[in-house]
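> what follows is a protein structure lacking sequence information:
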């Protein structure tokens, strides 16, 4: 355990970009947790007198058409966006990891079944599929999470499958068989712990997609319903105003979205450095 | 041989393992002269182990020698019951275990009796398991003990294998090659097997460590009364440890007999080539060299009539292409055990002439 | 050794920068290889034998740094030479074969083309002749049916066959020096013997010098004229093969020979080498890096290592209290 911390410290020390990604992640997490208390204004309170004010000392990110403070709305939206992404990634992890390692380890019909299911999902343009799922099941946070999880699962399952497949005939798996472990036991206690770190890296990368997807659904009106602050909606509200010169309405939520996705992608690269044993020398 | 060896511990009779190569003709493949599409042409099969028969006595160390691809790994996996037989019978202490499916063998009462030490100790240890967890795993699964006794047992095993107790909490990447080998051995003997299969246990080790591990293995054998099947391609190492040796070539045993006898009077041309290929440690002195040229025959659907060594054998004759030689005793009264599968075995006298 | 060595390595020291400090991987390594000679560097893992070969070839890992010393090859110090000059030499005058031929060969090019590439780059022959010469090379390394094999991809060939291809590539331009880094590790004994026979024969035919890096004392004994024994980055002993085996002078050499299984030895006769390699990252490394494991250690062993020249020509032992 001590060695692991030492290793993490080393990777962070060697690689300032990773350190930055971790710091940024910490910042976003704080915003998500404490956002509603930190926000200077109520994100839902309209104020016609203050509509469409450009950024100023009073309203850092300016105000929207209804005079709501954009900074507060962006800040408060963090929790919802991150929450949706987290929930969907956890779902993706649960389904994708299990299906993937079972396919890679057992091979045969399990592999074919998982492979065909993944192919079927991948055959759709993923965003359109997510739209379809939400449209069919209804606009709710739960369904957005579900749709986002479903479209991310195939990629995830493939990573898990490949990693499990490499190890299915490793010496330690044979040794575990000789020690009287059942196949399921080997899968869960011998193989899974070995590929868990790799899957965690993949989780971080998937987070980026999940945030984009959830925001995208809201952007086209299939996600969270309007007054609720959510990055996708905020961008959508501002998009129309870009032409008339009120650039800040769309820009700041867009920046927040971009920062979050960027952070998770960087984080994934950094995590890969930390968990890859080949980089431990 | 003495009385101890009378009743075999392991009795393997005509073991076969064939692997299908490629796929059966699909539903759209059409064999000539068949109307219904589906061909009845058989799938080509790789004969990895072909009619292998041998016994292993209690307390004996049997060496299995052969090149990569000769089928020794497959044979080992058949004997450890990690792989199902195509045909044949394996008896352990008289009880048939060959028909038990490999998949469920883990829960069989025979599982603890056959264990194995792997070739690459690094690869055979789970990177996420400590040395303690690795050694304790077979005990937990096969011969469960209460917590305190488990600790005591694992510590006793570690001591027996010369592994310092403070290393028990370490992960494989924190151990040296020799230490990993010791963990692998401790794990294999943890459930007190009768038969321990050693698959090139020292191949990845430096010579200075190799010696210690070989001596440890030899010591453990006498102390715990195990039988060894020692698989190796290093004949100098096999000679050190084994009472008897079997030489395998392309799925078949081509020669077997007491180690001393086989090394002194190799009768099969392949055995002779193997022996002449090992360094002899006599710098400056020209040793008799017998080199085999060419590539081995294909192991896929081999002709049952042609000797497997035909094509590389320096003394092949017409007979070698017409019938497969079977294992037969080499006619010498003091070595009734020594047998060879060759139509024209090299006798001791002839060998001396060649040399 | 002959008057002007093909390769003269002198006083070579190499350091590696790692996370846990600087590792003094090689210290004052010196040896010569004469024309047509085959010299083995033997040692266990961590002895620095491969680092020596890589340094000479100029393909040292980025973390490594040559601290001092020279490696003179054909009047040129390889350690000071520019990369462009080295590129000229590598492949034509000096080539290397590696432990794992499958990795070293390009997996998606036919082996005949890979040999032809080297010939075109260094051999000064025309595009039309190259394929023919490639097939000749395959025949020279005793590959049966060379016309057909030239069109094969590496994955279609066995390990021994791939190593022959590597040798064909290495020898295509008749180099003056061949560096073979564990060329037969992982191959079967019969293949190993065939490959080593081939290297020895082709070396003798062309008067090529060969540096064999191996952990296998038996193989070194069988094929090499001279043996350089390394331990923890030091050359501890160097002698003509017969003399080294008949009369090892360094305690480590004696131990190494005693630990190696031989046709005549019994298990009880073999003795291991006690102790471990010293930590090469430490700031203070004992002058004699074997002293911590040595049963012949004396107080004098703490002084800088002596380079005692032996009675035999070209022999050396670095020990205050040799056997």
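Received the coordinates, thanks. Here the structure is a predicted model, which means the values were calculated and not measured.

> buried set for stretch B:315-323?
B:316, B:320 (16 or more other Cβ atoms under 10 Å in any protein chain shown). For glycine as for every other residue, the C-beta is placed from the backbone atoms N, C-alpha and C.

> anything in stretch C:230-250 near chain B?
Yes - counting by Cβ under 8 Å from any Cβ of the partner chain, contacts between stretch C:230-250 and chain B involve C:241-242, C:244-245.

> and the stretch 101-250 of chain B, which of its residues are near chain C?
With Cβ under 8 Å from any Cβ as the criterion, the stretch 101-250 of chain B meets chain C at residues B:176-177, B:206-212, B:214-215, B:218, B:233-237, B:239-241.

> quick check: mean pLDDT of the helix or strand hosting residue C:258?
Secondary structure assigned from DSSP states H and E places residue C:258 in helix C:251-259. The average pLDDT for helix C:251-259 rounds to 91.

> does chain B sit close to that helix?
Yes - judged by Cβ under 8 Å from any Cβ, helix C:251-259 comes into contact with chain B at C:255-256, C:259.

> what's that helix in contact with?
Contact partners of helix C:251-259, identified using Cβ atoms under 8 Å, 6 or more residues apart in numbering or on different chains, comprise B:207-208, B:210-211, C:42, C:44, C:217, C:229, C:231, C:236-237, C:244-245, C:248, C:269-273, C:290, C:293-296, C:319, C:321-323.

> and residue A:257, how far is that from residue A:23?
19 Å (Cβ to Cβ, to the nearest Å).

> can you tell me how far residue B:57 is from residue B:214?
Residue B:57 is 21 Å from residue B:214, by Cβ to Cβ.

> farthest residue from the center of the chain?
This is for chain A. Farthest-out residue of chain A from its mean C-alpha position, per Cα atoms, centre = their mean: residue A:178, at 40.2 Å.

> nope, chain C
Distance to centre of chain C, Cα atoms, centre = their mean, peaks at residue C:128 (35.0 Å).

> quick one: low-confidence ranges for chain C?
C:1-3, C:307-312 (pLDDT under 70).

> find the closest residue to chain B in it.
In chain C, no residue comes nearer to chain B than residue C:218, which is 2.8 Å away by Cβ to the nearest Cβ.

> now that residue, nearest residue through space, not along the chain?
Leaving out its chain neighbours, the residue that sits closest to residue C:218 by Cβ to Cβ, 6 or more residues apart in numbering or on different chains is residue B:279, at 2.8 Å.

> helix/strand/coil for that neighbour?
coil (DSSP: H, G, I helix; E, B strand; the rest coil).

> list the contacts of it.
B:236, C:216-219, C:221-222.

> can you map out the helices along chain B?
B:72-79, B:121-124, B:131-142, B:147-160, B:177-189, B:207-224, B:235-241, B:259-264, B:269-277, B:348-354 (DSSP state H).

> give me whichever of those helices is most buried.
helix B:177-189 (a mean of 25; mean count of other Cβ atoms under 10 Å in any protein chain shown).

> how about that one and chain A, any contact?
Yes - counting by Cβ under 8 Å from any Cβ, chain A is contacted by helix B:177-189 at B:184, B:187-188.

> my read is residue A:160 is in a helix, agree?
Yes - according to three-state DSSP, residue A:160 belongs to a helix.

> picking that back up, and residue A:257 and residue A:23? which has more neighbours close in?
Of the pair residue A:257 and residue A:23, residue A:257 is the one with more neighbours under other Cβ atoms under 10 Å in any protein chain shown, namely 23 against 12.

> which residues touch residue 68?
Going with chain A. So residue A:68 contacts A:41, A:43-47 (Cβ under 8 Å, 6+ apart).

> you looked at the wrong chain, it should be chain B
B:233, C:159, C:188.

> so how do I select the buried members of those residues in ChimeraX?
Burial among these is assessed by 16+ other Cβ under 10 Å; the matching ChimeraX selection reads:
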select /B:233 /C:159,188
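
> what's the closest of the contacts of residue B:68 to chain A?
residue B:233 (17.8 Å).

> still on that earlier bit, who wins on neighbours among the residues of helix C:251-259 next to chain B?
If you rank the residues of helix C:251-259 next to chain B by neighbour count (other Cβ under 10 Å), residue C:256 sits at the top with 24 neighbours.

> tell me the pLDDT at the nearest residue to residue B:138 once chain neighbours are set aside?
Leaving aside its chain neighbours, residue B:138 sits nearest to residue A:179 (3.6 Å; criterion: Cβ to Cβ, 6+ apart). Here the pLDDT value assigned to residue A:179 is 90.

> neighbours of residue A:179, how many?
By other Cβ under 10 Å, neighbour count at residue A:179 equals 27.

> how about the contacts made by it?
B:106, B:137-138, B:141-142, B:187, B:191.

> what's the spacing between residue A:142 and chain B?
35 Å (Cβ to the nearest Cβ, to the nearest Å).

> and the pLDDT for residue B:43?
pLDDT, read off for residue B:43, is 79.

> what residues are up against the residue lying closest to it once chain neighbours are set aside?
Closest residue to residue B:43 apart from its sequence neighbours, by Cβ to Cβ, 6+ apart: residue B:20 at 4.5 Å. Contact analysis of residue B:20 by Cβ under 8 Å, 6+ apart lists B:43-46.
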